[in-house]
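[1] sharing a sequence plus its predicted fold:
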Amino acid sequence: MRDLSPRLLLAAVCFAEVLSMAAFATFPGLLPIIQPEWGLNNTEAGWISGVYFAGYVAAVPVLVSLTDRMDARGIYLACMGLAVASAVGFAVAAEGVWSASLWRGLQGIALAGTYMPGLKALTDRLPASLQSRGVAFYTSSFGIGSSLSFLVAGEIEPVLNWHWAFGLSAAGPFLALVIAAVVLRPRPVEAPAHHTALLDFRPVFANRKAIAYTLAYAVHNAELFALRSWVVAYLVFSAAQQAPGAAGTAIRATVIATAVSLIGMPSSVLGNELARKFGRPPVLLCVMSLSAAVALVVGFGAALPYWLVLVLILFYGFMVTFDSATITAGVVEVADPAMRGATMAVHSMIGFIGSMMGPLVFGAVLDVAGGETSGLAWGLAFAVIAALLMLGPLFVYTMGRSGRSGE
């Protein structure tokens with residue numbers, strides 16, 4: 001079998017990434033159903049959403065660093081199998097906060113071995129001229145897959161139940177495994193120019209530009225996954241504040257959440273193109289500042305007319321991913337090629353600590369400020385996330401404009 005052209009390979013791997021995310025949003029998408037069934041408070045619900053990323057953070061240093069020493073393809077395929085098993089496990093064995101945490105944690109480990117290793121497997125097989133755009137399209141595919149996960153969960157649950165929603169979501173990573181096994185041809189890994197221990201990340205931390213983007217990625221992820229974990233519950237709360245029959249209230253919250261996430265693909269690609277033209281630091285400053293401002297309006301605006309809430313939340317979904325590819329492509333650009341896998345491991349590990357903390361902090365603020373039935377609590381939860389986000393430009397401007405790069 002002949003190797004695919006670079007563009008066909010990019011399309012196939014991005015399609016596999018979309019499929020692999022099928023179980024990603026099943027829990028947050030069905031939170032209004034599962035939370036009362038299990039008697040969860042908001043902190044516990046936030047924890048179950050966040051522990052997914054705890055599993056990711058625990059596994060990603062090893063799994064992604066190994067891609068500097070072996071073909072990322074093997075790691076990707078093995079962990080895609082774990083993604084299938086953990087989705088089925090949640091469907092049949094999750095019955096409360098701790099059992100749900102186990103299966104969601106395993107799903108996070110699976111993500112650690114598929115998301116960045118998949119990107120590494122892709123960029124290793126792309127010419128240099130396509131790598132930046134390849135990163136943009138691949139990271140945007142993550143958003144498409146997580147968006148469709150909301151939709152699939154929301155459509156299956158009313159017909160069957162939430163157990164089936166989780167179980168059937170395993171079909172996505174299974175198909176992704178098959179596609180990747182076919183299109184990612186085995187590739188030998190060249191010996192690195194310098195040798196370090198597997199988890200010796202000192203050369204990565206010495207690259208101040210890469211670490212600046214990584215810290216910005218952490219606060220970006222805190223915002224992004226706080227929104228994706230709580231958007232359905234927020235929309236249910238906002239709809240409850242409306243007059244009977246208000247415009248838009250008949251639309252299922254999971255359908256709206258799908259649109260909120262799906263709109264992120266063009267914004268991520270557009271953000272990267274603007275960064276290529278105008279520079280990454282100024283684009284990140286503008287985008288993160290505007291996104292924080294929109295978060296405040298959304299948070300304190302739940303009682304606005306529902307059609308306006310929908311406009312605002314869709315615009316927020318557009319803004320929240322505008323900086324995603326800009327940040328990750330920046331890390332790829334400044335990384336030492338011989339340490340790219342280790343750099344991506346640190347990038348993912350620190351970045352997804354933000355992913356873990358965002359949903360948890362959001363839920364904790366909700367509990368402390370009055371609960372999910374309080375408009376003030378929703379506003380304060382979004383405000384805390386907005387404040388965290390504004391650290392991103394600070395990191396890039398104070399650390400990323402000087403110091404050693406991987407060039």
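    Sure, I can see it. Residues are numbered from 1 along each chain as shown.

[2] low-scoring stretches of the chain, by residue?
    Scanning the chain for pLDDT under 70 picks out 1-3, 128-129, 131-132, 189-200, 338-339, 341, 400-407.

[3] show me where it has strands.
    Taking DSSP state E as the criterion, the chain carries no strands.

[4] distance of the residue sitting furthest away from the middle of the chain from residue 328?
    Distance from the centre of the chain peaks at residue 244, with 34.9 Å (CA atoms, centre = their mean). Per CB to CB, to the nearest Å, residue 244 is found 45 Å from residue 328. All C-beta spots, glycine's among them, are computed from the backbone N, C-alpha and C.

[5] now residue 276
    Note on residue 276: its distance to residue 328, by CB to CB, is 13 Å.

[6] neighbour count winner among those two?
    residue 328 (28 against 16; other CB atoms under 10 Å).

[7] my guess is the more buried one contacts residue 134, does it?
    No - under the criterion of CB atoms under 8 Å, residue 328 makes no contact with residue 134, lying 10.9 Å away.

[8] what sits in contact with each of those two?
    Common contact partners of residue 328 and residue 134 (CB atoms under 8 Å, 6 or more residues apart in numbering): none.

[9] isn't residue 214 up against residue 350?
    Yes - taking contacts as CB under 8 Å, residue 214 lies within contact range of residue 350: 5.0 Å.

[10] look at the two and report which has more neighbours.
    Higher neighbour count among residue 214 and residue 350: residue 214, with 28 against 18, using other CB under 10 Å.

[11] can you pull the contacts of that one?
    331, 346-347, 350-351.

[12] cool, and residue 169?
    Applying CB under 8 Å, 6+ apart, the residues contacting residue 169 are 22-23, 26, 87, 149, 152-153.

[13] which among these end up buried?
    Among the contacts of residue 169, those scoring as buried are 22-23, 26, 87, 149, 152-153 (criterion: 16 or more other CB atoms under 10 Å).

[14] could you report the distance from residue 352 to residue 52?
    Relative to residue 52, and taking CB to CB, residue 352 is found at 9 Å.

[15] got it, and residue 374?
    Remark: distance between residue 374 and residue 52 (CB to CB) = 26 Å.

[16] quick check: residue 92 touching residue 163?
    Yes - the criterion here is CB under 8 Å, and residue 92 meets it with residue 163 at 7.1 Å.

[17] comparing the two, which residue is more hemmed in?
    Legend: neighbour count by other CB under 10 Å for residue 92 and residue 163, higher for residue 163 (15 against 11).

[18] when residue 374 and residue 52 are compared, which one has more neighbours?
    residue 52 (29 against 15).

[19] just the helices in the stretch 151-300 of the chain please.
    162-169, 171-183, 202-205, 208-240, 253-262, 264-278, 280-300 (DSSP state H, counting those that start in this stretch).

[20] so residue 173 is in contact with residue 24, correct?
    No - counting by CB under 8 Å, residue 173 stays clear of residue 24, with 10.0 Å between them.

[21] sorry, back to before: what do residue 214 and residue 350 both touch?
    Shared contacts of residue 214 and residue 350 (CB under 8 Å, 6+ apart): none.

[22] re the thing from before, so the residue farthest from the centre of the chain versus residue 306, what's the distance?
    Where residue 306 is concerned, residue 244 sits at a distance of 11 Å (CB to CB).

[23] and residue 60, by the same measure?
    39 Å.

[24] distance of residue 215 from residue 394?
    In terms of CB to CB, residue 215 sits 9 Å off from residue 394.

[25] higher neighbour count, the two?
    Neighbours were counted for residue 215 and for residue 394 using other CB under 10 Å; residue 215 has more, 23 against 15.

[26] what's the offset of stretch 160-167 from the middle of its chain?
    Chain-centre distance of stretch 160-167: 22 Å, with CA atoms, centre = their mean, to the nearest Å.

[27] got the contact list for that stretch?
    Counting by CB under 8 Å, 6+ apart, 23, 26, 30, 33-34, 87-88, 90-92, 94, 152-153, 156-157 sit against stretch 160-167.

[28] ok, 7 Å please
    The contact list for stretch 160-167 (CB atoms under 7 Å, 6 or more residues apart in numbering) reads 23, 26, 30, 33-34, 87-88, 90-91, 153, 156-157.

[29] restricting to C-alpha, output that stretch in PDB.
    The C-alpha trace of stretch 160-167 is given here as PDB (Å, rounded to 0.1, in the frame of the first residue of the first chain):
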ATOM      1  CA  LEU A 160     -32.400   4.700  25.600                       C
ATOM      2  CA  ASN A 161     -30.700   6.000  28.800                       C
ATOM      3  CA  TRP A 162     -27.400   7.400  29.900                       C
ATOM      4  CA  HIS A 163     -25.800   4.000  30.200                       C
ATOM      5  CA  TRP A 164     -26.400   3.400  26.500                       C
ATOM      6  CA  ALA A 165     -25.100   6.900  25.700                       C
ATOM      7  CA  PHE A 166     -21.800   6.000  27.300                       C
ATOM      8  CA  GLY A 167     -21.700   2.500  25.800                       C
END
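
[30] quick one: buried residues of that stretch?
    Buried, per 16+ other CB under 10 Å, within stretch 160-167: 162, 165-167.

[31] from those, which two are the most distant?
    Farthest pair in those (CB to CB) is 162 and 167. Separation: 9.6 Å.
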